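**Student:** Sequence plus predicted model, see below.
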Amino acid sequence: FFPFAIAVVDAETDANWNWYFGILKTILDPQGRVITFVSDRQQGLMNSLARVFPESPHCFCLYHLKNNLQNLFKGNNNSALRVTIVDKFYKVAYSSTERQYHHNLRELLDEGKDLVVQFLSSLPVEKWCNAFFRGNRFGEMVNSTAESFNSWTLKARELPIFPMLEKIRVMMMGKMVERKLLVSKWTFPLCPVMQAELVKNMERGRDWIVSRSDEFVYEVHSERSTAVDIMVQTCACRQWQIKSFPCSHALAAIQRAGYVVYPFIERYYFKEEYFKSYSFGIKPIPNIEQSYVQCSDNTSVKPPLTRRPPGRPKTKRIKSVGEVSSKERTCGRCGQLGRHNRKTCNVPI
């Protein structure tokens, strides 16, 4: 369903999100497609997703969670601690098995203490950790596509609505043909990044010993032994299931069985699928004939009756849950550091 049509709404409200997802549902249902949604935990979006797509997998963007977690450890003396906390949090999020999750979680909690405990208590673990997520996210942990598009169209969004839409349309028209020509130069069946991943995984398992257990079940002896079922496309390390792309263990077993590896790879990784996204292009919308449209002298198009809201127009995106945090200050009454002042202070003195 790329590219999306663009709709302009007055605000990110539940009603507008319901309308948007309702239209998207009418497109996806006839195709029988199950879509995984990656969000920044914007409340209206989450409410509408649960209402319109209750069966679709929904996960949180790891980049936004990282920023939320870093905000808890602000301060000049916490810079090294922030780096350590984020590193350990990433290890927990990327954990592929429950045993690995619990091991990495203990290390994170030992470092972050109560602040991390409070932060994680508001996050359903199946929304952000690979070990518990049962949808298909193809290894994507962040909504970088949306953020990249927002950054790419930043200048265009400063224009009035109609010039903005025209500017984005022309930008996308050029990007579509650019990507289409790029695909024609690829020489491998897979997209270049995934072709490189395939070569790396195959090279890694080149010297591993593979023992056959059943017709389609194998035990791969690497640093540790793992079980691979090439029929149901699962590996005990769970990397095959998480990425929908054969891991090193799976590739070793597939080659041991004498099969070609490409039929075991999800079709969305192939260049043919990539090409389909950009094959049709965006048609030009010429307006040269509009110069000769005859209009009567009484024709007058007036602007709508609107009232300019107070303050400067907003140019930045709406921040996600946890990104907005108030600064701590010293209370003039109790002298403690916090988010209250003399008027709201209720500390007994």
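**Tutor:** Arrived safely. Every value quoted in this text rests on a predicted model; they were computed, and no experiment measured them.
**Student:** For the chain, which segments count as helices?
**Tutor:** Under the criterion DSSP state H, the chain contains helices at 14-31, 43-52, 62-71, 79-93, 98-121, 144-152, 161-183, 192-204, 239-243, 248-257, 271-278.
**Student:** can you put these in CSV and add distance to residue 285?
**Tutor:** Heads up, the C-betas are built off the backbone N, CA and C, glycines and all. Putting the helices of the chain into CSV (distance: least, Cβ to Cβ, whole Å) gives the following:
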stretch, distance to residue 285
helix 14-31, 22
helix 43-52, 31
helix 62-71, 35
helix 79-93, 44
helix 98-121, 48
helix 144-152, 21
helix 161-183, 7
helix 192-204, 33
helix 239-243, 40
helix 248-257, 48
helix 271-278, 19
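**Student:** Any idea which of these gets closest to residue 332?
**Tutor:** Residue 332 lies closest to helix 62-71 among the helices of the chain, at 25.1 Å (Cβ to Cβ).
**Student:** coming back round to it: out of the helices of the chain, nearest to residue 7?
**Tutor:** Each of these was scored for nearness to residue 7 using Cβ to Cβ, and the closest is helix 14-31 (6.8 Å).
**Student:** buried set for the closest one?
**Tutor:** 17, 20-21 (16 or more other Cβ atoms under 10 Å).
**Student:** Let me know which of the helices of the chain is tucked in deepest.
**Tutor:** Highest mean neighbour count of the helices of the chain: helix 248-257, a mean of 23 (counted as mean count of other Cβ atoms under 10 Å).
**Student:** quick check: angle from it to helix 192-204?
**Tutor:** On the basis of axes from the mean of the first three to the mean of the last three Cα atoms, to 10 degrees, helix 248-257 is oriented at 70 degrees to helix 192-204.
**Student:** Using CSV, write down the CA coordinates of helix 248-257.
**Tutor:** Listed in CSV are the C-alpha atoms of helix 248-257, where the atom choice follows Å, rounded to 0.1, in the frame of the first residue of the first chain:
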residue,chain,number,x,y,z
SER,A,248,23.8,-18.9,10.6
HIS,A,249,22.5,-22.1,12.2
ALA,A,250,19.6,-22.4,9.8
LEU,A,251,21.8,-21.8,6.7
ALA,A,252,24.2,-24.5,7.9
ALA,A,253,21.3,-27.0,8.2
ILE,A,254,19.8,-26.0,4.9
GLN,A,255,23.1,-26.5,3.1
ARG,A,256,23.6,-29.8,5.0
ALA,A,257,20.2,-31.0,3.6
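**Student:** Could you name the helices and strands sitting against it?
**Tutor:** helix 192-204, strand 209-212, strand 217-221, strand 225-229, helix 239-243 (3 or more Cβ pairs under 8 Å, 6 or more residues apart in numbering; DSSP states H and E).
**Student:** if I look at residue 313, how far off is residue 147?
**Tutor:** Relative to residue 147, residue 313 is positioned 21 Å away (Cβ to Cβ, to the nearest Å).
**Student:** ugh, wrong one, residue 38
**Tutor:** 11 Å.
**Student:** before we move on, what about residue 75?
**Tutor:** Look at residue 75 and residue 147: by Cβ to Cβ, they are 27 Å apart.
**Student:** same deal with residue 162?
**Tutor:** 25 Å.
**Student:** Can you list the low-confidence ranges for the protein?
**Tutor:** 1-4, 76, 288-299, 301, 315-328, 349 (pLDDT under 70).
**Student:** so who does the spatially most central residue of it touch?
**Tutor:** Among the residues of the chain, residue 143 comes closest to the average C-alpha position under Cα atoms, centre = their mean, at 2.3 Å. With contact set as Cβ atoms under 8 Å, 6 or more residues apart in numbering, residue 143 has these partners: 38-40, 61, 63-64.
**Student:** Pipe these into CSV and attach distance to residue 244 per row.
**Tutor:** Rendered in CSV, the data for the contacts of residue 143 read as follows (distance: Cβ to Cβ, whole Å):
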residue, distance to residue 244
38, 15
39, 20
40, 24
61, 19
63, 21
64, 24
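**Student:** now, which of those residues sits nearest residue 221?
**Tutor:** Set against residue 221, the nearest of the contacts of residue 143 by Cβ to Cβ is residue 38 (35.8 Å).
**Student:** and that closest one, what does it touch?
**Tutor:** 58-61, 137, 140, 142-143.
**Student:** Separate out the buried members of those residues.
**Tutor:** Listed as buried from these are 58-61, 137, 142-143; burial here means 16+ other Cβ under 10 Å.
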